[in-house]
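Engineer: Below is the structure, and that's it, no one-letter string:
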């Protein structure tokens, strides 16, 4: 139905997560109505996405240089490392402005299938330096994230490094009435004296 | 927080309809993990989107040549023209395989602000040819679409051309209990003898 070059672009958009074929059609039609300059810039940046961005050699966050902006920041506390699954988790944590240490991006969580690509041995190497006093495990509060956290804690604790995990509890703005059992259980377990 | 080239691409994605900043971040991170060849192709097709595609000279559908694939199809019934707002409406109607005429894309509906770009005078020119026996008005079942349909009917009818409008009623698979008042009113008004 669509001209071929149109359809090819629709296919590219539908291959992205959260974008179905209908939305892909709408997006391409919308883009087609935009200025040529905007499309040129969009396309050029897509083409060069992998050229400019690499993994930070220390923490595996996305970076423009060998070290990411966090690892190369002299003001950050190098004795504190927060372990996350993905670079986007860093963005979320940085927005809180509550953490001034470094990060370590695993690249996912432990699953039954493929754990080879996870940066676990790289984390072990960082721990060997002896400068790290606390590891905050910030894997997702899911079954896989939980399993990953337990696995990490098992080899970090014997090294006499303080190992903590982000608190479980009620999300701010939430409603106890609608909270699920696992969340409420976590909130009761982690209750604090007032 | 993100490297600059990353952020620029996120901004491009967030400028698209239905894509918020969070999803844009996820999309760019996902794309970054894809093969370089895929990104090159995606980017190149975006850049050349406007080069290969133009408006059909007859119906203003998207086309790779002067005429779109429908207008250049000799088997289609040239006495029947279906007026739609956007090219995507043609895709939806074509999927029904119930219509074998030609189309006319208005490029939107009549609004209070800007009606200059609508292809209404071009529709009038097509009507003058004298070969058209029926116009099916398939503008959206919204206030603007309805106003557009009434406006079109007012100048088509005096030309002694049969003018019809897509039926209003209950959508297939819907639930009378949850149907809104306007839909049910349309369904009652348009009821058919069994």
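Structural biologist: Nice, I can see it. Quick caveat, the model's predicted, so the values are computed rather than measured.
Engineer: Quick check: closest non-adjacent residue to the residue nearest in space to the middle of chain A.
Structural biologist: In chain A, the centroid-proximal residue (C-alpha atoms, centre = their mean) is residue A:86; its distance is 2.2 Å. The shortest distance from residue A:86 to any non-neighbouring residue, by C-beta to C-beta, 6 or more residues apart in numbering or on different chains, is to residue A:105 (6.7 Å). For every residue, glycine as well, the C-beta is placed using N, CA and C.
Engineer: With residue A:4 instead?
Structural biologist: residue B:64 (7.3 Å).
Engineer: looking at it, the one you found is touching residue A:7, isn't it?
Structural biologist: No: here residue B:64 does not reach residue A:7: they are 10.8 Å apart, not a contact under C-beta atoms under 8 Å.
Engineer: give the contact list for residue A:172.
Structural biologist: With contact set as C-beta atoms under 8 Å, 6 or more residues apart in numbering or on different chains, residue A:172 has no partners.
Engineer: you'd agree residue A:13 is up against residue A:20?
Structural biologist: No: between residue A:13 and residue A:20 there is no contact under C-beta under 8 Å: 9.5 Å.
Engineer: Out of those two, name the residue with the larger neighbour count.
Structural biologist: Remark: of residue A:13 and residue A:20, residue A:13 carries more neighbours, 21 against 10, as counted by other C-beta atoms under 10 Å in any protein chain shown.
Engineer: returning to that earlier point: ramachandran angles for the residue nearest to residue A:4?
Structural biologist: phi -90, psi -20 (degrees, to the nearest 10).
Engineer: Next: the one 10 residues further on.
Structural biologist: The phi/psi pair for residue B:74 (degrees, to the nearest 10) reads phi -70, psi -20.
Engineer: can you give me the helices in chain A?
Structural biologist: Ranges of helices in chain A, per DSSP state H, are A:4-14, A:21-32, A:36-47, A:49-52, A:87-95, A:120-128, A:143-156, A:181-189.
Engineer: any chance of these in TSV, plus mean pLDDT?
Structural biologist: Output for these, formatted as TSV (pLDDT from 0 to 100):
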stretch	mean pLDDT
helix A:4-14	92
helix A:21-32	92
helix A:36-47	94
helix A:49-52	84
helix A:87-95	90
helix A:120-128	93
helix A:143-156	92
helix A:181-189	86
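Engineer: Domain parsing of chain A, as residue ranges.
Structural biologist: What automatic domain parsing lists as the domains of chain A is A:4-52, A:76-165.
Engineer: Partner strands of whichever strand in chain A runs longest, with direction?
Structural biologist: If you go by DSSP state E, chain A has its longest strand at strand A:77-84. Next to strand A:77-84 in the sheet, as set by DSSP bridges, lie strand A:101-105 (parallel), strand A:134-137 (parallel).
Engineer: list the buried ones in stretch A:14-33?
Structural biologist: For stretch A:14-33, a neighbour-count test (16 or more other C-beta atoms under 10 Å in any protein chain shown) marks A:14, A:16, A:19, A:23-29, A:31 as buried.
Engineer: Any idea which of the helices of chain A gets closest to residue B:186?
Structural biologist: helix A:21-32 (24.0 Å; C-beta to C-beta).
Engineer: got the angle for the closest one vs helix B:87-95?
Structural biologist: On the basis of axes from the mean of the first three to the mean of the last three C-alpha atoms, to 10 degrees, helix A:21-32 is oriented at 140 degrees to helix B:87-95.
Engineer: which residues touch helix A:21-32?
Structural biologist: Residues from elsewhere that reach helix A:21-32, judged by C-beta under 8 Å, 6+ apart: A:2, A:6, A:9-11, A:13-14, A:19, A:39, A:42, B:16-19, B:46, B:49-50, B:53, B:62, B:86-88, B:91.
Engineer: ok, the closest residue in space to residue A:58 that isn't next to it in sequence - contacts?
Structural biologist: Among residues not flanking residue A:58 along the chain, residue A:71 sits closest, at 4.4 Å (C-beta to C-beta, 6+ apart). By C-beta under 8 Å, 6+ apart, the residues touching residue A:71 are A:56, A:58-59, A:61, A:63, A:102.
Engineer: circling back: between the buried residues of stretch A:14-33, which sits nearest residue B:110?
Structural biologist: The closest of these, once distances to residue B:110 are taken by C-beta to C-beta, is residue A:29, at 20.2 Å.
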